[in-house]
Structure formats: structure tokens, C-alpha cells
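Peer 1: here is my input; please provide its structure:
(one chain, ligands or ions: 1)
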Amino acid sequence: MLYAWVHGVKRPPLERGERTVCDCGGQLTAVIPVENVRHWRHKAGDCDPWSEPEGAWHLGWKERFDLSCREIALVDPATGERHRADVLCGVGTPQPTVLELQHSSISEEERVAREAFYMKAHRMFWLVHIHNEANFNGYSFGFSLDFGSRTYQLNGHTYAVMRWMGRSKQFIEKWKRAAAHVFFEFQGNVFYLASESVSRRLGGPLKKGEFALCHLARDDFIRAVHGSP
Ligand SMILES: [Zn+2]
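Peer 2: Numbers count the residues shown, from 1 in each chain. Below is the predicted model of the structure:
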């Protein structure tokens with residue numbers, strides 16, 4: 001986790017050896033890597049079993065939201081299950097929204113589990129970082145992008161239907177099945193992945209390996225997380 005409360009201030013660690021306490025009551029110690037992002041580490045294991053190592057990509061996106069919206073611990077009152085939303089906006093409004101920032105690949109089971117937890121009481125967005133670090137998704141996605149062949153206008157937005165050019169369609173099919181709204185970030189661009197219901201309005205159901213995207217400005221994406229249509 002990148003932030004913790006220290007003497008009433010929510011912030012990253014400033015120096016080696018610094019200590020504080022997490023919302024969960026666990027002891028936290030400062031980690032100040034030379035190359036990577038400074039963060040807090042639980043002494044006895046993270047209270048969020050879904051926690052993953054975070055780098056510059058996570059930090060950059062979290063910093064685009066108010067500090068009060070970043071890393072919000074949520075507890076299911078029925079089960080006591082505890083997780084930390086990367087970003088939570090609109091608390092107290094009719095449409096509180098959890099944004100999950102996904103840099104590493106996750107299994108379908110984990111995607112489903114996270115959606116089930118967060119969507120009990122929130123709208124949910126995924127922002128999936130597409131890159132080539134541990135796979136070739138970046139190349140596949142880059143080759144797939146085609147906003148010139150099959151375009152459709154829907155609700156004032158331009159959608160384009162394209163084909164996944166990678167060998168395996170597993171990545172794109174997994175995200176097409178998501179219950180939450182899925183956005184991809186690729187080389188600084190943000191794309192909304194058409195949900196099943198949107199796809200059906202774009203000339204019929206999509207075939208395996210086909211998907212539809214709508215390109216949007218980063219500021220429009222941030223406004224959407226804040227609840228704008
Ligand atoms: Zn904790």
C-alpha cells in the first residue's frame with residue numbers, strides 16, 4: 001500500500017525505519033526502494049489478500065484522484081471480509097464507484113471474486129494496463145486496434161469493432177465477460193471495452209475474439225469515475 005495514516009496525515013513513507021499502524025490495526029513499516037515506488041508493508045502480512053506489488057503506473061493513476069479517494073479499506077459487514085479499493089469516489093452519492101487498477105494479470109476466478117465483493121454496494125470500473133512486461137498483450141492489442149473498418153455511433157460515442165490479433169483470445173474473452181465496466185490503458189490512451197449489452201447494439205453479438213472499443217480522453221475517464229455519464 002502506498003498510503004497510511006501517520007499522526008493524522010495520510011501519506012507515503014518519507015524515510016527508512018518509519019512505522020505506523022494500518023486501519024486494520026496491523027503494524028506497518030516503510031519500504032523505500034532505490035528503483036521503485038516507496039510504500040508501506042504489513043509486518044504480519046497484508047490485511048488485503050488481493051494486494052499486489054505496485055509501481056509507478058499505480059502511483060500515477062492514484063495521484064489523479066483526491067487523496068481522500070485513494071486506497072479505501074472496505075469491510076463486508078456480514079462476513080468481515082476486508083479489501084482495499086485502489087480508488088473510491090462518490091461516497092454518499094447514489095453512485096459510489098470503485099476503480100481497480102490492474103497492472104498484473106489476474107485469473108478469471110479472482111476477477112469474479114473482486115467484482116462480487118465491490119459490486120455489492122458500488123459501481124465498479126477496472127482500468128487494465130496493457131503492456132508487454134510478462135506477456136505479449138501489448139503487441140496483440142496494438143496490432144488489433146482498428147478504428148477505421150467497423151465503426152458505430154451509439155449515445156454520442158464512436159465504437160469500433162475489431163479482432164484480437166494475438167494467438168490466444170483468452171485475455172480479451174476474460175475481460176469481455178466482466179460484470180464491471182472495463183477500461184484498458186495502452187500507451188497512455190484509455191479505451192472503454194463495450195459490455196455485452198453495448199456490443200449487442202453494435203450490429204449483433206460479437207464473435208469469439210471480436211471486441212468493441214470506444215476511445216476516450218483521460219480526463220473524460222476520470223470524470224466518469226467521479227460519476228459523470
Ligand atoms: Zn492492514
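
Peer 1: show me which residues of the chain sit near the ion.
Peer 2: Residues of the chain lying near the ion by Cβ under 5 Å from the ion: 22, 24, 26, 47. C-beta here means a position set from N, CA and C on the backbone, and glycine is covered the same way.

Peer 1: which pLDDT value goes with the closest residue to residue 189 other than its chain neighbours?
Peer 2: Computed as Cβ to Cβ, 6 or more residues apart in numbering, the closest residue to residue 189 that is not its neighbour in sequence is residue 215, at 6.5 Å. Note on residue 215: pLDDT of 97.

Peer 1: direction included, what does the helix or strand hosting residue 215 pair against?
Peer 2: In this structure, residue 215 sits in strand 210-216 according to DSSP states H and E. Strand pairing for strand 210-216, determined by DSSP bridges: strand 157-163 (antiparallel), strand 189-193 (antiparallel).

Peer 1: next, format these as JSON lines and append mean pLDDT and mean neighbour count.
Peer 2: Output for the strands paired with strand 210-216, formatted as JSON lines (pLDDT from 0 to 100; neighbours: other Cβ atoms under 10 Å):
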{"stretch": "strand 157-163", "mean pLDDT": "96", "mean neighbour count": "18"}
{"stretch": "strand 189-193", "mean pLDDT": "98", "mean neighbour count": "20"}
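
Peer 1: element containing the residue of the chain most remote from its centre, please.
Peer 2: The C-alpha centroid of the chain is most remote from residue 17, which lies 30.5 Å away (Cα atoms, centre = their mean). In the assignment (DSSP H and E), residue 17 maps to no helix and no strand.

Peer 1: by mean pLDDT, flag the weakest helix or strand of the chain.
Peer 2: Ranked by mean pLDDT, DSSP states H and E, the weakest helix or strand in the chain is helix 196-200, scoring a mean of 90.

Peer 1: give the other helices and strands that it contacts.
Peer 2: Under the contact criterion of 3 or more Cβ pairs under 8 Å, 6 or more residues apart in numbering; DSSP states H and E, helix 196-200 touches strand 210-216.

Peer 1: in the helix or strand that the strand it packs on is followed by, what's buried?
Peer 2: Downstream of strand 210-216, the next assigned helix or strand under DSSP H and E is helix 218-225. Neighbour counts using 16 or more other Cβ atoms under 10 Å place 221, 222, 224, 225 of helix 218-225 among the buried residues.

Peer 1: just stretch 167-181 next, same as before
Peer 2: With burial defined by 16+ other Cβ under 10 Å, the residues of stretch 167-181 counted as buried are 169, 171, 172, 174, 175, 176, 178, 180, 181.
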